[in-house]
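In: model the following, please.
(chains A and B)
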Amino acid sequence: MSGRTYVDNAPVPSDVPHVDEVGVTSAPLKSAAFFIGKFCQAYNDDFMQCKADARDPAACLKEGRRVTRCATELINKLRENCQQEWDKHWDCLEQRNQEFYRCRKAESALNACVLEKLGIKKEIPNSKIQVHTIAKPVFKDDTPKWDRP
Amino acid sequence: MPVPWEALIPFGLLTVMFGAAGTLYGGAQRLQNQGKLPRYGIDRWDEMMMERDRRLTGHFRGQSTEPKAPQEFATNSVWRQSSLDTR
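Out: Here you go, the predicted model:
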């Protein structure tokens, strides 16, 4: 990509309450995604509803802070309880183009740990097929086209 | 009757040269990606996430599980200017 780059060093205005940004990068975040989705569903839905109502970024800062705080809480819980399984899973994802279907073994270990210690079960929302539970998936998705959600 | 082993030299050369080229290329790719295979099939979402990873860790393949982002993260996002298309 060519063209000049521009960095804005101005700090956030002081009337906005400060919330630490999540420092988790793409692979661990993708690994924890379904758990974050379940744990923080209420706040995430609020934020998405706010965004749907108003495209202005300033309008949804409060909901955004709640999303950040909730995600940070779950990240801390994961680090406390399931750090090793999580590390193994996202390391596997990083080695394999961040594709879930190539890391089922590490994923089932992580899912078991999170279910036991944090009580969160991984479920694919809005899907009849829970592909991560199928032991030997012949096709990635073999529902007929007219039946897919 | 002596075996014409000289005829096999070109095959050997080809094998060695293809092998060396492939190995060097693979090695170069791994060096650029911190020892991992390069990402492929990347869409705009993945590009955005890799740019975020670069801002968080300094390298676009760097990973971390820190719950709190480093200080620089708040102000190091980059806007890129593109030239005006005056057609």
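In: phi and psi next, for A:Glu73.
Out: Per-residue torsions, A:Glu73: phi -60, psi -50 (degrees, to the nearest 10).
In: residue contacts, it?
Out: A:Phe39 (CB atoms under 8 Å, 6 or more residues apart in numbering or on different chains). Every C-beta, even on glycine, is put in place using the N, C-alpha and C of the backbone.
In: lowest-pLDDT helix or strand in chain B?
Out: strand B:78-80 (a mean of 83; mean pLDDT, DSSP states H and E).
In: what is it packed up against?
Out: Secondary structure elements in contact with strand B:78-80, counted by 3 or more CB pairs under 8 Å, 6 or more residues apart in numbering or on different chains; DSSP states H and E, are strand A:5-7.
In: is the longest helix seen in chain B up against chain A anywhere?
Out: Within chain B, and with DSSP state H defining each element, the longest helix by residue count is helix B:9-32. No - with CB under 8 Å from any CB of the partner chain as the criterion, chain A is not reached by helix B:9-32; the gap is at least 11.2 Å.
In: hmm, the lowest-mean-pLDDT helix or strand in chain A touching chain B?
Out: For chain A, counting by mean pLDDT, DSSP H and E, strand A:5-7 ranks last in confidence among helices and strands (a mean of 85). Yes - with CB under 8 Å from any CB as the criterion, chain B is reached by strand A:5-7 at A:5-7.
In: check stretch A:36-51 too.
Out: No - judged by CB under 8 Å from any CB, stretch A:36-51 stays clear of chain B, getting no closer than 12.2 Å.
In: what about that stretch, average pLDDT?
Out: Taken as a whole, stretch A:36-51 has a mean pLDDT of 96.
In: mean confidence (pLDDT) on the helix or strand just after the least confident helix or strand of chain A, please.
Out: Per DSSP states H and E, the first helix or strand lying C-terminal to strand A:5-7 is strand A:22-24. For strand A:22-24, mean pLDDT rounds to 96.
In: contacts for strand A:22-24 next, please.
Out: A:29, A:32, A:68, A:71-72, A:75, B:56, B:64-70, B:73.
In: next, count neighbours for the closest residue to B:Thr57 other than its chain neighbours.
Out: Using CB to CB, 6 or more residues apart in numbering or on different chains and skipping residues adjacent in sequence, the residue nearest B:Thr57 is B:Ser64, 5.6 Å away. Counted with other CB atoms under 10 Å in any protein chain shown, the neighbours of B:Ser64 add up to 15.
In: contacting residues around B:Ser64?
Out: A:23-25, A:28, B:56-57.
In: then A:Tyr6?
Out: B:78-81.
In: cutoff 10 Å now
Out: B:77-81 (CB atoms under 10 Å, 6 or more residues apart in numbering or on different chains).
In: could you give the number of residues near the closest residue to A:Glu63 other than its chain neighbours?
Out: Leaving aside its chain neighbours, A:Glu63 sits nearest to A:Phe47 (4.1 Å; criterion: CB to CB, 6+ apart). Residue neighbour count, defined by other CB under 10 Å, stands at 19 for A:Phe47.
In: show me what contacts A:Phe47?
Out: A:40, A:60, A:62-68.
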